[in-house]
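A.B. asks: whatever this is, show me its structure:
(one chain, ligands or ions: 1)
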Amino acid sequence: MKIANLTLPNNLLLAPMANITNLAFRMLCKKYGAALTYSEMISANAVVRQGEKTMQRGLTCEDEQPFCIQIFGNSPDTMTEAALILEEVYRPAIIDINMGCPAPLIVKQDCGSALLRSPSLVHDIVSNLTDNISTPVSAKIRVFDDMEKTLEIARTIESAGACAITVHGRTKEQMYSGTSSLEYAKAIKKELFIPVIANGDIKDGESAKHALEYTECDGLMIGRAAIGHPSIFRQISYYLENEETLETDNCTQQVNDFMEYIELVKKYDIFSLGDIKAQSKAFTKGVAGSRHIREKLNDAKTFCSIIDVINGMCDET
Ligand SMILES: Cc1cc2nc3c(=O)[nH]c(=O)nc-3n(C[C@H](O)[C@H](O)[C@H](O)COP(=O)(O)O)c2cc1C
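C.D. replies: From the prediction side, this is the model:
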């Protein structure tokens, strides 16, 4: 897949996810074949204020390239100022604009999916960025119930100079409920010249194959299916190439991947017990007796006790 000036090895992208896609997690997904990884959304206002914790969210390393940084905000000037700082410090391949987050905290600040209410503001944000930074700019949107309104936003993003658009086929009101519609990505792909990435509910080889064939999009972005299960990228690639499922021992895979995640957070100096505990629960996904294992993890007070529970989880049935 080609995006901006990049030729990616495949068309599977890791979605930006707050409190999940830190550098360690992204590197694990990259190892399993994610062609492009996204930081979690970063507040443009906080970057401009030089918030140290905020800046850490953009942390990357040479081996991760190419990667994207996603920012959120609502002021064209502040977002450009933040993007200039981030491109100088982290040299991302792409800077993505969050136009999809439905969280009340973000929408209340007129950021995320709230931007979609105003095509002229969407235009100003994208064009101000593309005119003033050297990094290519993309946008990630949600959809409206109304197809024409959705197409209007997509056209606006393209005409303002974006290098790509990601379409999560849910409305802001849906939050994460119901199903994600592929109709919008398909219609946008038909109209636009820039690469279009379909997102929403892609969880295995079959759903990935269907989404690619149905929408004819350039790429797929995978979010929740990768949480606690970064090897999903290998499974999906295998299915797309061979049209059969890669048989693996999921439990052993997830124990090993969690241990590697810990090594990576140590390596990149981003260790936090709260994060390890949250991630440990995610890595029990799909494992037999996972409810019981998560109860034990809830009770685990120390790093060593979390490790013990995960190490023993394949013995639970
Ligand atoms: C925990 C979590 C955090 C998320 N954080 C972000 C974010 O920072 N920026 C963004 O554009 N989308 C964010 N999303 C939305 C995902 O990127 C993606 O669009 C959505 O989950 C649908 O894709 P999926 O069905 O593959 O999960 C988040 C989703 C989840 C579940």
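A.B. asks: on the three-state scheme, Ile197 is what?
C.D. replies: strand (DSSP: H, G, I helix; E, B strand; the rest coil).
A.B. asks: gap between it and Ala139?
C.D. replies: Using CB to CB, to the nearest Å, Ile197 is found at 11 Å from Ala139. Every C-beta, even on glycine, is put in place using the N, C-alpha and C of the backbone.
A.B. asks: more neighbours: which of those two?
C.D. replies: Ala139 (29 against 26; other CB atoms under 10 Å).
A.B. asks: you'd agree that one is up against Met99?
C.D. replies: Yes. Ala139 is within contact range of Met99, at 5.3 Å (criterion: CB atoms under 8 Å).
A.B. asks: what residues of stretch 195-210 count as buried?
C.D. replies: Using 16 or more other CB atoms under 10 Å as the test for burial, stretch 195-210 gives 195-202, 205, 207-209.
A.B. asks: which of the residues you listed come close to the ligand?
C.D. replies: Contacts with the ligand within the buried residues of stretch 195-210, as defined by CB under 6 Å from any ligand atom: 199-202.
A.B. asks: where's Ile262, which helix or strand?
C.D. replies: Ile262 is part of helix 250-267 when elements are defined by DSSP states H and E.
A.B. asks: quick one: mean pLDDT for that helix?
C.D. replies: What helix 250-267 shows for mean pLDDT is 96.
A.B. asks: what sits up against it?
C.D. replies: Contact with helix 250-267 is made by 22-25, 27-28, 228-231, 271-272, 275-276, 279-280, 283-288, 307, 310-311, 313-314, as judged by CB atoms under 8 Å, 6 or more residues apart in numbering.
A.B. asks: residues contacting the residue in the stretch 51-200 of the chain that the ligand sits nearest to?
C.D. replies: Per CB to the nearest ligand atom, His168 is where the stretch 51-200 of the chain lies closest to the ligand, at 4.1 Å. Counting by CB under 8 Å, 6+ apart, His168 touches 100, 140-143, 180, 199-200, 221.
A.B. asks: do Gly286 as well
C.D. replies: Shown in contact with Gly286 (CB under 8 Å, 6+ apart): 229, 250, 254.
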